[in-house]
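[1] Sequence first, predicted model second:
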Amino acid sequence: MIRERLHCELLLAMVMAMAMAMVEKTSSSLLLLLLFDLFLSICLFAKLDASVDADNAAVERFRSYLVIPSVHPNPNYAPAVEFLLSQAQDIGLDAQTFEFAENKPVLVLTWKGKNPLLPSVLLNSHMDVVPAEKEKWKHDPFAAVLDEKGDIYARGSQDMKCVGMQYLEAVRRLKAKGFKPLRTLHISFVPEEEVGGVNGAEKFVPSEEFKALNVAVVLDEGLASPNETYRVFNGERSPWWLVIRATGAPGHGSKLYDNSALENLIKSLDLISSYRASQFDLIKEGLAAEGEVVSVNPVFLKAGTPTPTGFVMNVQPSEAEAGFDIRLPPLADPVAFDKLIAEEWAPASRNLSFTFKQKVTVRNKKGLPCLTATDSSNPWWLLLKDSITKAGGSIGQPEIFLAATDARFVRDEGIPAFGFSPMANTPILLHDHNEFLNVREYLKGIDVYCEIIETFSSYGGPDDQSKTSSHTEL
Ligand SMILES: [Zn+2]
């Protein structure tokens with residue numbers, strides 16, 4: 001838009017100047033000046049046109065990736081990998097494909113640095129997307145429709161095919177302008193993030209293949225921001241999916257007696273409810289951000305003796321179960337929390353037992369909180385902030401991601417990782433109907449990654465001398 005207006009304004013200025021020259025029968029030197037002006041303007045038009053063409057081509061490549069249905073429950077990754085390999089070839093990147101589980105490929109593209117001994121920069125994205133209910137969308141979620149406002153509607157437009165393609169577009173531009181990285185840059189495309197990463201990043205990150213990449217820092221997904229300020233995440237909460245099971249003597253529905261299964265389970269629900277309220281109050285009173293508290297939400301209750309039309313109403317059941325989705329922030333004390341569950345929420349003394357459907361570690365392999373430092377101890381944080389600002393973006397305070405991403409596997413190894421998706425002025429629509437991203441934000445994101453990649457891959461120290469210093473974790 002801005003470029004089109006510039007075109008018009010320049011044309012108008014030229015026409016006016018020539019008209020004035022003719023009216024005033026100007027001297028030949030002024031005419032020469034005008035001809036020079038004309039030449040400059042033509043050059044500028046050509047440059048602007050080339051830039052518009054490049055932007056349009058970038059948007060088309062993004063849309064080509066979006067229409068590939070790498071969607072759960074049965075994502076076929078082969079077409080996505082094939083497309084990305086063709087991009088890598090076009091840009092001039094080396095490619096390796098690994099398979100840690102059958103038909104779940106991990107693609108790693110590499111731009112070798114001038115000093116390949118320096119630890120590398122890794123930009124990660126996942127290829128898979130969550131299902132979409134087509135009939136509830138304005139447009140087909142796998143048609144990547146670009147509307148008149150410049151919004152591209154597609155599953156994965158925010159989460160996170162945008163980011164994967166922005167990495168590639170930024171590298172394409174940097175290569176075109178002749179930039180050469182000092183550090184090696186890797187771009188990974190992983191499967192299965194949307195189903196917990198078990199057959200994706202969880203196997204890839206601890207592997208020898210990953211170790212061989214010698215990674216110093218990782219960028220992975222963040223979230224859209226409805227305002228001007230980009231969001232950045234330096235940690236995430238660990239899911240503990242708890243199931244509490246109660247047993248007790250069955251009895252007649254009319255009888256009052258102690259220790260029935262449901263009575264014992266309800267006592268637990270009361271305690272858990274109070275704990276939940278205490279955490280929620282911290283948010284309501286503005287004392288903590290949502291990512292900084294423990295969230296506990298009941299997700300199922302199972303009890304009663306079923307009949308074809310409902311439940312038996314005069315029998316107190318001998319078993320009952322409740323399930324909870326608990327999320328622990330990186331600074332929570334996992335030992336104290338285990339104790340709370342065992343001694344207060346589900347004690348054997350009340351005929352309760354418990355299991356975890358999932359229990360993601362709160363501490364990394366070094367026993368420290370899975371949190372990437374965001375102070376002067378971590379040069380990557382300073383470089384990230386600077387490069388986003390340099391690209392004309394503003395960045396908010398680091399946050400804890402409410403849910404889980406593949407970055408947790410990286411932080412678990414003690415490697416710094418930031419969750420960052422450059423989508424400002426955009427409603428958060430990941431996993432929602434009508435997920436979209438505006439072309440303007442998409443293109444701005446490419447500029448941001450150009451700065452980040454240039455800055456990160458040009459950084460020579462301090463791990464130039466000491467390989468451990470850039471791995472500082474809080
Ligand atoms: Zn995602």
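    Nice, thanks for sending it over.
[2] the helices in the protein, which residues?
    Listed in chain order, the helices of the chain (DSSP state H) span 2-23, 28-66, 78-91, 161-176, 201-204, 208-211, 261-284, 334-340, 379-390, 407-412, 439-458.
[3] residues from the chain in reach of the ion?
    Within the chain, the residues that sit near the ion (CB under 5 Å from the ion) are 159-160, 221. C-betas here are computed from N, CA, C, even on glycine.
[4] Quick one: closest of the helices of the chain to residue 145.
    Closest of the helices of the chain to residue 145 is helix 28-66, at 8.9 Å (criterion: CB to CB).
[5] just to revisit the earlier point, tell me the buried residues within the residues of the chain next to the ion.
    The neighbour count (16 or more other CB atoms under 10 Å) marks 159-160, 221 as buried among the residues of the chain next to the ion.
[6] Columns pLDDT on top of those residues, output as JSON lines?
    JSON lines is the format used below for these (pLDDT from 0 to 100):
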{"residue": "159", "pLDDT": "97"}
{"residue": "160", "pLDDT": "97"}
{"residue": "221", "pLDDT": "97"}
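[7] Can you tell me which of those residues comes closest to residue 127?
    If you rank these by distance to residue 127 using CB to CB, residue 160 comes first, at 9.2 Å.
[8] Now the closest one: closest residue in space that isn't a chain neighbour?
    residue 221 (4.5 Å; CB to CB, 6 or more residues apart in numbering).
[9] I figured the one you found was touching residue 422, is that so?
    No. In this structure, residue 221 is not within contact of residue 422 by CB atoms under 8 Å, at 10.9 Å.
[10] Residues in contact with both of the two, list them for me.
    Listed as contacting both residue 221 and residue 422 by CB atoms under 8 Å, 6 or more residues apart in numbering are residue 163.
[11] low pLDDT regions in this structure?
    When residues are selected by pLDDT under 70, those of the chain lie in 1-48, 463-474.
[12] Tell me how it divides into domains.
    For the chain, automatic domain parsing gives the domain ranges 64-236+369-471, 239-328+332-359.
[13] Would you mind finding the most buried of those?
    Compared across the domains of the chain, domain 64-236+369-471 shows the largest average neighbour count, a mean of 19 (mean count of other CB atoms under 10 Å).
[14] ok, now which ones touch the closest residue to the ion within the stretch 151-300 of the chain?
    With CB to the ion, the shortest gap between the stretch 151-300 of the chain and the ion falls at residue 159, namely 4.1 Å. Neighbouring residues of residue 159 by CB under 8 Å, 6+ apart: 129-130, 221, 430-431, 435.
[15] Quickly list what residue 106 is bridged to.
    Counting by DSSP bridges, residue 106 is bridged to residue 98.
[16] my guess is it meets residue 84, correct?
    No. Counting by CB under 8 Å, residue 106 stays clear of residue 84, with 11.4 Å between them.
[17] what do these two both touch?
    Here residue 106 and residue 84 have residue 189 as joint contacts, going by CB under 8 Å, 6+ apart.
[18] returning to what we had before: from residue 106, how far off is the residue of the stretch 151-300 of the chain closest to the ion?
    Distance, residue 159 to residue 106, by CB to CB, to the nearest Å: 19 Å.
[19] that older thread, nearest to residue 384 among the contacts of residue 159?
    Ranked by distance to residue 384 (CB to CB), those are led by residue 221 at 14.6 Å.
[20] Phi and psi next, for that closest one.
    When read as degrees, to the nearest 10, the backbone of residue 221 gives phi -80, psi 150.
[21] check contacts around it.
    Shown in contact with residue 221 (CB under 8 Å, 6+ apart): 125-126, 159-160, 163, 405-407, 419-421.
[22] Return the nearest residue of the stretch 251-400 of the chain with respect to the ion.
    Counting by CB to the ion, the stretch 251-400 of the chain gets nearest the ion through residue 399, at 15.8 Å.
[23] Surely that residue and residue 330 touch.
    No. If you go by CB under 8 Å, residue 399 and residue 330 don't touch, sitting 11.5 Å apart.
[24] Dihedrals phi and psi, the nearest residue to residue 250 once chain neighbours are set aside?
    Nearest non-adjacent residue to residue 250, counting by CB to CB, 6+ apart: residue 318, 4.1 Å away. Backbone torsions for residue 318, taken as degrees, to the nearest 10, come to phi -90, psi -10.
[25] tell me the contacts of residue 318?
    Contact criterion CB under 8 Å, 6+ apart gives 247-250, 261 as the residues in contact with residue 318.
[26] give me that answer again for 10 Å
    Neighbouring residues of residue 318 by CB atoms under 10 Å, 6 or more residues apart in numbering: 246-251, 260-262, 303, 305.
[27] Among the residues you listed, which lie within strands?
    Per DSSP state E, strands hold the following members of the contacts of residue 318: 246-247, 251, 303.
[28] Among those residues, which one lies nearest to residue 146?
    Residue 146 has its nearest neighbour among these in residue 303, at 51.1 Å by CB to CB.
[29] from what I can see that closest one touches residue 315, true?
    No. With contact defined as CB atoms under 10 Å, residue 303 does not reach residue 315; the gap is 11.1 Å.
[30] so what sits against both of residue 399 and residue 330?
    Residues touching both residue 399 and residue 330 (CB under 10 Å, 6+ apart) are 234-236, 291-292.
[31] Mind picking the one among those residues that's closest to residue 134?
    Nearest to residue 134 among the shared contacts of residue 399 and residue 330, counting by CB to CB, is residue 236 at 30.3 Å.
[32] who are the neighbours in contact with that closest one?
    Residue 236 sits in contact with 220, 291, 327, 329-330, 360, 370-371, 399-405, 407-408, 411, 417, 419, where contact means CB under 10 Å, 6+ apart.
[33] Name whatever forms a beta bridge with it.
    residue 401.
[34] how near is the spatially most central residue of the chain to residue 266?
    With distances taken as CA atoms, centre = their mean, residue 221 lies nearest the centre of the chain, 1.7 Å away. Applying CB to CB, the value for residue 221 to residue 266 is 40 Å.
[35] same deal with residue 350?
    Distance from residue 350 to residue 266, by CB to CB: 11 Å.
[36] Overlap of the contact sets of those two?
    residue 246.
[37] Let me see the contact set for residue 218.
    The contact partners of residue 218, by CB under 10 Å, 6+ apart, come to 120-124, 186, 188, 205, 372, 380, 406-407, 409-411, 413, 415-419.
[38] Mind checking which of these are in strands?
    120-124, 186, 188, 417-419.
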